[in-house]
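[1] 3D model of this:
(one chain, ligands or ions: 1)
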Amino acid sequence: SPARAQTTEGADAVVDTVVVGAGLAGLTAARKLVAAGKKVLVLEARDRVGGRVHDIGLANGGTIERGGQFTGPTQTRLQALADELGVQTFTGYNTGESIYYTADGTVIRYSGALPPMDNDSYQALGQAIYQLDTLASTIPVDAPWTAPKAEELDGQTFASWIEGNVTNANAKTILHLMSNGALSAESRDISLLWILNYIAVSGNETNPGNLTRLISTLGGARDSRFVGGPYQLATKMAAALGSKVVLKAPVRRIVQSGSSALVVADGLAVTASSVVVALPPTLAGRIVYSPALPATRDQLTQRFPLSSIGKAIAVYDKPFWRDAGLNGQVAALTGTTRSTFDNSPPDGSYGALLAFLDGDQMRAVEDKSDATIKQLILDDLARYFGSQAATPTEFVLGRWDAEEYTRGGAPGFTPPGVLTRFGSSIRKTAGVIHWAGAETATFWNGHMEGAVRSGEQAAADILKG
Ligand SMILES: Cc1cc2nc3c(=O)[nH]c(=O)nc-3n(C[C@H](O)[C@H](O)[C@H](O)COP(=O)(O)OP(=O)(O)OC[C@H]3O[C@@H](n4cnc5c(N)ncnc54)[C@H](O)[C@@H]3O)c2cc1C
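    Take a look at the predicted model:
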């Protein structure tokens with residue numbers, strides 16, 4: 001009742017810290033706090049843990065990743081967690097040629113990281129990547145709004161930078177496609193400062209971030225996968241926390257009074273001396289805070305969307321494209337899916353093709369049924385890999401934008417003018433509330449690594465007192 005939320009009396013439980021959200025960030029924070037002897041309760045809206053990480057069982061006995069899946073070099077905290085929990089990684093399938101599918105429907109096979117282009121185009125693209133890396137090297141990862149040219153960089157979109165700085169048409173095309181494929185966000189939607197920061201955070205304390213690491217398979221963010229899937233990281237942490245994780249408990253209000261807070265979820269209310277809100281900013285903004293949060297923090301959550309993303313997986317008896325010398329990777333200029341990967345298990349005992357629906361392509365199918373989307377994807381896969389791709393044995397579709405407690409994908413991004421005006425509130429505590437979640441991380445922001453780092457950071461801040 002409203003009366004109950006006015007007071008910390010009448011709570012169902014009293015703990016040291018309430019963690020809101022049982023994604024990798026919230027679970028990591030809880031795990032660290034419990035290890036330090038704190039009494040913790042994690043309130044999770046869904047009927048499962050893991051948030052944007054979720055694997056499901058296939059009829060063929062395999063397991064497939066619906067959400068986050070790739071990891072790679074410099075993602076050291078995620079790796080350390082996996083080691084602790086006994087979850088192995090393996091290098092994704094990279095043998096053979098990739099496919100570039102042109103706007104007029106031509107399949108071009110190629111080797112190496114970049115689609116085939118004439119020399120001038122390669123040079124122009126290389127120059128643009130060098131410029132972006134150079135600008136990114138000026139961004140302080142913990143405070144991008146203080147970068148030397150922050151105003152200028154945050155005053156434009158990535159698209160306007162491409163159009164204003166790159167003259168070669170092929171190089172422009174690849175840069176726009178990269179935004180769609182690697183960030184699930186259109187170049188016209190994101191601030192230049194934001195993408196430079198996203199490049200800068202694609203590293204760790206000893207390895208500065210760079211664009212190649214952010215977008216690459218081998219040696220990059222899409223280098224490796226977890227044997228059995230990354231959902232195990234969430235379920236293993238949750239199993240160790242046991243009854244400290246409460247499912248089906250969406251938090252609706254956080255009422256602070258003095259040095260404590262009453263966290264009101266559907267079905268229960270908990271009093272705590274600190275709270276970790278481990279949600280993407282836009283979902284954190286849907287909780288009602290009393291007293292109201294500082295204006296800058298609230299305005300940040302009004303301006304920090306999640307990208308539009310869907311993920312489809314077509315499963316086959318065998319990875320037939322490998323016999324044709326293909327690695328399963330496509331970069332396409334047309335189609336519902338423009339980015340695919342070989343998602344087969346490490347032993348290749350069956351085949352799986354992962355097809356992303358990114359940005360505009362996800363929005364274009366918003367009103368379509370699952371069956372229609374499946375057909376659109378299979379038509380694309382058949383165009384890329386031949387008619388065998390049209391008849392999978394199973395098909396999995398994750399429409400992340402439509403999930404009530406996610407509402408989009410990774411990463412959360414900022415349009416122009418947001419990081420410089422509101423960014424400094426991203427991790428600033430509000431009374432006893434600490435902010436975590438992949439979008440708050442200073443390395444591998446938006447990734448599983450960032451989620452783990454943000455949870456560790458929030459726990460460390462609370463323990464410091
Ligand atoms: C399709 C897809 C593919 C991706 N691919 C990769 C990849 O290959 N590699 C990579 O590193 N990352 C990838 N990511 C990103 C990665 O999954 C996320 O960055 C990371 O899992 C985020 O963890 P988190 O804990 O910060 O947030 P989330 O996982 O979003 O966790 C937030 C939790 O809070 C819960 N919640 C929401 N509202 C409330 C409320 N009011 N009260 C209580 N609980 C609430 C949610 O149910 C959820 O469990 C991908 C994401 C998607 C969607």
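[2] going forward, measure contacts between C-alpha atoms and count neighbours the same way
    Noted.
[3] what does the domain assignment say about this structure?
    The record assigns the chain these domain ranges, following automatic domain parsing: 2-51+230-294+428-464, 55-75+86-94+309-402, 117-215.
[4] Give me the residue at the spatial middle of this structure.
    Ala410 (2.9 Å; Cα atoms, centre = their mean).
[5] Test my guess that that residue contacts Met448.
    No: the criterion here is Cα atoms under 8 Å, and Ala410 misses it with Met448 at 9.6 Å.
[6] quick one, phi psi at the residue nearest to the centre of the chain?
    Here is the backbone geometry of Ala410 (degrees, to the nearest 10): phi -100, psi 140.
[7] In contact with it: list those residues for me.
    Going by Cα atoms under 8 Å, 6 or more residues apart in numbering, Ala410 touches Leu183, Ser184, Leu306, Ser307, Ile309, Gly446, His447.
[8] how much space between Ala441 and the ligand?
    Distance, Ala441 to the ligand, by Cα to the nearest ligand atom, to the nearest Å: 9 Å.
[9] Is Ala261 in a helix, a strand, or coil?
    Under DSSP: H, G, I helix; E, B strand; the rest coil, the three-state class of Ala261 is strand.
[10] wait, doesn't it sit right on Val255?
    Yes: Ala261 lies in contact with Val255 (Cα under 8 Å); the separation is 5.4 Å.
[11] can you map out the strands along the stretch 251-400 of the chain?
    251-257, 260-265, 268-278, 288-290, 306-307, 309-316, 326-332, 339-342, 351-358, 394-399 (DSSP state E, counting those that start in this stretch).
[12] And the furthest pair within the contacts of Ala410?
    Farthest pair in these (Cα to Cα) is Ile309 and His447. Separation: 14.0 Å.
[13] what's near enough to touch Thr71?
    Counting by Cα under 8 Å, 6+ apart, Thr71 has contacts Gly220, Ala221, Arg222, Asp223, Ser224, Arg225, Met448, Glu449.
[14] give the contact list for the spatially closest residue to the third one that is not a sequence neighbour.
    By the measure of Cα to Cα, 6 or more residues apart in numbering, the closest residue to Arg222 outside its immediate chain neighbours is Phe70, 4.9 Å from it. Contact partners of Phe70, counting by Cα under 8 Å, 6+ apart, are Ala221, Arg222, Asp223, Ser224, Arg225, Phe226.
[15] got the residues of the stretch 51-200 of the chain near the ligand?
    Counting by Cα under 6 Å from any ligand atom, the positions of the stretch 51-200 of the chain adjacent to the ligand are Gly51, Arg52, Val53, Gly67, Gly68, Gln69, Phe70, Thr71.
[16] can you do 5 Å?
    Gly51, Arg52, Val53, Gly67, Gly68, Gln69, Phe70 (Cα under 5 Å from any ligand atom).
[17] pretty sure the second one is touching Gly409, no?
    In this case it means Arg52. Yes: using Cα under 8 Å, Arg52 is in contact with Gly409, at 7.5 Å.
[18] out of those two, which sits in the more crowded spot?
    Gly409 (27 against 22; other Cα atoms under 10 Å).
[19] Could you list the low-pLDDT ranges of this protein?
    Along the chain, segments meeting pLDDT under 70 span 1-10.
[20] Next step: the contacts of Thr71 restricted to strands.
    Among those, the members found in strands (DSSP state E) are Ser224, Arg225.
[21] will you turn the contacts of Thr71 into TSV that also has neighbour count and distance to Ala314?
    Formatted as TSV, the contacts of Thr71 follow (neighbours: other Cα atoms under 10 Å; distance: Cα to Cα, whole Å):
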residue	neighbour count	distance to Ala314
Gly220	22	24
Ala221	23	22
Arg222	21	19
Asp223	21	20
Ser224	20	19
Arg225	23	17
Met448	26	24
Glu449	24	27
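[22] Take the contacts of Thr71 and lay them out in a markdown table including distance to Ala459.
    Converted to a markdown table, the contacts of Thr71 look like this (distance: Cα to Cα, whole Å):
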| residue | distance to Ala459 |
| --- | --- |
| Gly220 | 28 |
| Ala221 | 26 |
| Arg222 | 28 |
| Asp223 | 29 |
| Ser224 | 28 |
| Arg225 | 27 |
| Met448 | 17 |
| Glu449 | 16 |
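[23] Of the contacts of Thr71, which fall within the contact range of the ligand?
    Residues of those in contact with the ligand (Cα under 5 Å from any ligand atom): Met448.
[24] which one of the contacts of Thr71 is nearest Gln123?
    Gly220 (21.5 Å).
[25] Surely the closest one is in contact with Leu211?
    No: counting by Cα under 8 Å, Gly220 does not reach Leu211; the two are 9.2 Å apart.
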